[in-house]
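Visitor: no sequence on this one, just coordinates:
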């Protein structure tokens with residue numbers, strides 16, 4: 001059985017990846033949707049062409065991850081695509097953020113993504129793909145978004161290094177690095193729309209555009225997907241030397 005796994009599939013980017021992969025994956029038998037909220041995923045599943053499994057779980061909980069590991073062991077699927085979209089961000093000065101908010105960002109954006117990648121790797125073969133949702137925030141430190149930006153810098157670095165490591169197995173890893181995207185994430189991070197800065201509003205992209213570009217870039221074998229001219233300019237400006245070194249490592 002060949003499957004695709006998408007975390008954070010109950011809204012935003014994860015939900016859009018599910019919709020677009022449902023139309024573009026022709027050699028995959030099932031799509032597994034993972035997130036905490038079951039109802040939005042069940043509604044999405046009813047509209048999908050692929051056979052779809054809905055798994056309501058919190059990927060930051062050790063017990064939930066153990067259960068999912070057991071499900072994989074029993075099913076023994078071939079994972080054709082893993083999309084790690086689950087993530088959280090909180091805007092505000094680090095010293096004023098709650099311990100819980102800081103811990104949630106690190107656990108979901110870093111630990112859970114790394115763990116999910118690790119447990120899925122044994123079920124991947126030549127031609128399998130891993131898509132990690134990073135951010136344009138990965139390219140430069142951001143005051144008032146310090147932990148979130150740092151966590152996405154981890155995702156970016158981890159994804160690019162892993163892409164090198166897995167190339168000999170024929171497994172591709174791609175980091176998706178959008179700028180501001182019109183999803184519930186932004187409103188949640190800033191608490192209300194009025195707090196979102198003018199520049200972010202001017203450069204905001206729609207989920208369909210970002211995901212469409214990511215799916216296309218993944219097919220082309222790219223290691224990074226950047227959507228929109230402002231983000232591409234930032235990427236080229238800040239990552240030029242790093243990209244040069246990356247080619248020779």
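Guide: That came through fine. Quick caveat: nothing in here was measured; it's all calculated off a predicted structure. Numbering: from 1, shown residues only.

Visitor: mind checking how far residue 54 is from residue 61?
Guide: 17 Å (CB to CB, to the nearest Å). (Glycine included, C-beta is placed from N, CA and C.)

Visitor: give me the more crowded residue out of the two.
Guide: Neighbours were counted for residue 54 and for residue 61 using other CB atoms under 10 Å; residue 54 has more, 20 against 13.

Visitor: which element follows the helix or strand encompassing that one toward the C-terminus?
Guide: Element membership for residue 54 (DSSP states H and E) is strand 51-56. Downstream of strand 51-56, the next assigned helix or strand under DSSP H and E is helix 62-75.

Visitor: picking up where we left off before, partners of the strand holding residue 54 in the sheet?
Guide: Strand 51-56 has its sheet partners listed here by DSSP bridges as strand 30-35 (parallel).

Visitor: next structured bit after the strand it pairs with?
Guide: Using DSSP H and E, the first helix or strand after strand 30-35 is helix 38-46.

Visitor: pull out the buried positions in that following helix.
Guide: 40-41, 44-45 (16 or more other CB atoms under 10 Å).

Visitor: got those as CSV, with distance to residue 216 and pLDDT columns?
Guide: Below are the buried residues of helix 38-46 laid out as CSV (distance: CB to CB, whole Å; pLDDT from 0 to 100):
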residue, distance to residue 216, pLDDT
40, 26, 97
41, 25, 98
44, 22, 98
45, 25, 98
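
Visitor: what is the lengthiest helix in the chain packed up against?
Guide: Looking across the chain with DSSP state H, the single longest helix is helix 146-166. Packing partners of helix 146-166 (3 or more CB pairs under 8 Å, 6 or more residues apart in numbering; DSSP states H and E): helix 99-106, helix 113-120, strand 129-133, strand 172-176.

Visitor: swap in 6 Å and give it another go.
Guide: Packed against helix 146-166 by the contact rule (3 or more CB pairs under 6 Å, 6 or more residues apart in numbering; DSSP states H and E) you find helix 99-106, strand 172-176.
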